[in-house]
Every structure is written in C-alpha cells, then in structure tokens.
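> Got a predicted structure here, sequence first:
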Amino acid sequence: MNFYRIFTHENGRYPQRKTAFYNHAYLVYNISMVVKKEAGAIDEVRDILNNQNGLLLTSDLEKLGIPRTYLSVLVKNGEIQRISRGVYTSTGNMIDEMASIQTRYKVAIFSHETALYLLGLTDRTPLFYSATVPSGYNASALKAHVAKVYFVNRSLCLLGLITTKSPHGNDIKTFNLERTICDVVRSRKRMDVQFVNEALKKYVAHQDRNIDQLDSYAKQFRIQNKVREYIEVLL
C-alpha cells in the first residue's frame, strides 16, 4: 500500500489524518534527538572522569557547555558522589584530597613539608598538608583542611609556581625546588629540623638544582646570606 492511498479515500482526501501523522513523526524525531543529546553529554562527563582519575569539577562542564543537571543524573544513578562544593568523584573512588583542597581554595599552593614530599626532597610522607597563601587572605576555612598555613607577600606569592601531579595523578600547584628551599630556610623555626636538614642535603645533590636561581629567589626574600651559609657548608 503506497503513502498516497493511506491518506486518501475514493471520494476524497483525509488532510487531518495526514497532519496527525506528520505531528507524530515530528514528536518521535525530537524525542529521539533529545535522548541522543543526553546520552552524548553523559558520555562526555564520563570521559572527563576517566581522564582525571575519577575527579570531576563543575567548571569542567562549563568549559564544554554541559548543563549541571547531568551531575544530578549521575548522582542519582550512583555513578558519582559530591565531596564538596563544585567537586565530585566517581563512586567508590579514593578521594584526592589535595586536588579537592585546591579546587575549594584556589589561592592555596602546596608548600614547605608538602612541597618537599611532592618534589622528592624527603622520603617521609607528611602527616598533614602545608600551603602558602597571600598575606591578608582569610584562611580560617582553609585551616580546617590544612594543618599549616604560611603567609607571604602578594608580590612573591607566585614566585617559582609549578604544576605537578598529586599521588592520585591529578594536576596540583606547588613550588619548584629553589622556591621550596627558600621557604624551608625562611620557616625553619616552624618546621621539624630533620625535614630542613634532609631537604637541604637532597637539594645540593639534586641533578636539577639551579644555584643561580636559588640565589636570585633568596635575594627577593631577603635571606640571601642565610641560604648561602647553608648551601656553602653542604657543597
């Protein structure tokens, strides 16, 4: 039976039936497209989770133009869990505390004891996190997650800033070797003396050390003589 005969009668046509058919087809098509769009968006979110070791930020969705409503869908499905404002992780996945902290407190940069660990300047896993923030920053909330907060002049806050990987494989901010040594010397009275001595010895033996850069950083922090005193004894 052809299309024309379905919508005609021997005495005339049935335009109302033909319109209803087209409306139904249009509705089915749109529903199909919506379902495909939703499935595609959810797959994109899953790809983000896979690429970021199970960590998902609401800002990740904003960059791709994906509505946050899909987060609710995945939470309801039991695929992800909310661990803090704007931070989600795959259900059953170990929470990356370091990445989570920096997501919540974007100005906080892991430093001192934590930086020594991340840079391989100590063999001891720190029992707490240390972070540096600009002078004047209200760190009361941060102190609930970071045991030690160090303050520094805003003009020097980003000196030696680098990106490295957390133990879970996510990008986090810390300082390079030379900045970390300056921080250790500046804050030596607030740190375990064993951490300080171990860090200095490992820095001097490190193949990537840059003594000229260290001297430049020390000058900016006005600890040039003290840093030279430590380094000259070990060289």
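Alright, I've got the coordinates. Predicted model only: the values in this text are computed from it and were never measured.

> Give me the most central residue, the chain.
residue 99 (4.6 Å; CA atoms, centre = their mean).

> if I pick that residue, what's in contact with it?
55, 166, 168, 170, 171, 172 (CB atoms under 8 Å, 6 or more residues apart in numbering). The C-beta positions use only the backbone N, C-alpha and C, and glycine is treated the same way.

> Can you flag which of those residues belong to strands?
Among these, the residues falling in strands (DSSP state E) are 55, 171, 172.

> which of those residues are buried?
Taking 16 or more other CB atoms under 10 Å as the criterion, what is buried in the ones in strands among the contacts of residue 99 is 55, 172.

> picking that back up, tell me the secondary structure at the residue nearest to the centre of the chain.
Secondary structure, DSSP: H, G, I helix; E, B strand; the rest coil: residue 99 is helix.

> And the closest residue to it other than its chain neighbours, how far from residue 107?
Nearest residue to residue 99 in three dimensions, chain neighbours excluded: residue 170, at 4.0 Å (CB to CB, 6 or more residues apart in numbering). Look at residue 170 and residue 107: by CB to CB, to the nearest Å, they are 18 Å apart.

> What of residue 81?
In this view, residue 81 and residue 107 are 26 Å apart by CB to CB.

> next one: residue 62
Going from residue 62 to residue 107 by CB to CB gives 20 Å.

> Name the residue in those two with the higher neighbour count.
Just comparing residue 62 and residue 107: by other CB atoms under 10 Å the higher neighbour count belongs to residue 107, 16 against 11.

> quick one, what contacts the more buried one?
With CB under 8 Å, 6+ apart, residue 107 has these contacts: 133, 134, 137, 157.

> so who does the closest residue to the last one other than its chain neighbours touch?
Distance criterion CB to CB, 6+ apart; nearest residue to residue 157, sequence neighbours excluded, is residue 134 at 4.7 Å. Contact analysis of residue 134 by CB under 8 Å, 6+ apart lists 107, 151, 152, 153, 154, 157.

> How about the fifth one, nearest residue that isn't a chain neighbour?
Counting by CB to CB, 6+ apart, residue 154 lies nearest to residue 134, which is 4.4 Å off, once chain neighbours are set aside.

> Report the beta-bridge partners for the one you found.
residue 152 (DSSP bridges).

> Go ahead and list the helix or strand containing residue 59.
Element membership for residue 59 (DSSP states H and E) is helix 58-64.

> Mind giving me the packing neighbours of that helix?
Where contact means 3 or more CB pairs under 8 Å, 6 or more residues apart in numbering; DSSP states H and E, helix 58-64 is packed against helix 15-51, helix 69-77.

> Comparing those helices by mean pLDDT, which bottoms out?
Comparing mean pLDDT across the helices and strands packed on helix 58-64, the weakest is helix 15-51, with a mean of 57.

> Show me the chain divided up by domain.
When the chain is parsed with automatic domain parsing, its domains come out as 3-90, 98-234.

> Quick check: the nearest residue to residue 210 once chain neighbours are set aside vs residue 78, distance?
Spatial nearest neighbour of residue 210, chain neighbours left out: residue 178 (5.9 Å); criterion: CB to CB, 6+ apart. The gap separating residue 178 from residue 78 is 46 Å, by CB to CB.
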